[in-house]
Each structure stands twice: as structure tokens, then as C-alpha cells.
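> What would the 3D arrangement of this be:
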Amino acid sequence: MQTWTLTACAVLALASTSGCGRTVLVEEGSPMRTGPQACIRVYTRIDGEWVLSPDRVALPEGWYLVPPSFVGGK
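Here you go, the predicted structure:
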């Protein structure tokens, strides 16, 4: 019984971590907002080039995420 309980707990723990890799598609005209404790890698514009951050950045809750069409330029 103890082995079954440990196995069940391990399966549940692994299943809960896989949710971080999901992608949710949002319609083009619909911006999104960050939720609590958002921590992601971001692109920054350096000398006209988009560069991905090497580390995750904590974003404040409520910041807007918009599709590229909302932003002028390339």
C-alpha cells in the first residue's frame, strides 16, 4: 500500500509540472495580462536586434502582453 501511495504522489507531482509547457493561443485582437508571480524570459531590443534574455524576469501582475501587430516597426 505504501508503494502505491508513493507512486501515486510521484505521478501527480509530474503531471502538475507538465502544465508549464502548454501554449494557449489567443486571438490576434485580444491582448493578455500577466498573472501573479509571472516569471518568463523576454526579448529586449539591443542595437535594432531582438535578443532573448538569458535568465527569467519577474513581471509585475497586470502588465499587458500584446501581439506584434500592436507594436509599430519590425
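> which stretches of the protein have low pLDDT?
1-27, 72-74 (pLDDT under 70).
> Which residue ranges of this protein form helices?
Using DSSP state H, the helices of the chain run over residues 2-17.
> residue boundaries of the strands in it?
32-33, 38-40, 43-46, 49-52, 57-59, 64-65 (DSSP state E).
> Among those strands, which comes closest to Val71?
Evaluated with C-beta to C-beta, those place strand 43-46 nearest to Val71, the distance being 10.3 Å. Yep, even glycine has a C-beta here, placed from its N, CA and C like the rest.
> Pull the residues that contact that closest one.
Trp50, Val51, Leu52, Ser53 (C-beta atoms under 8 Å, 6 or more residues apart in numbering).
> Thought Val42 was touching the last one, still the case?
Yes - under the criterion of C-beta atoms under 8 Å, Ser53 makes contact with Val42 at 5.2 Å.
> Let me see the contact set for the residue nearest to Leu59 when sequence neighbours are not counted.
Spatially, and ignoring its direct neighbours in sequence, Leu59 is nearest to Ala38 (4.4 Å; C-beta to C-beta, 6 or more residues apart in numbering). By C-beta under 8 Å, 6+ apart, the residues touching Ala38 are Ala58, Leu59, Pro60, Glu61, Trp63.
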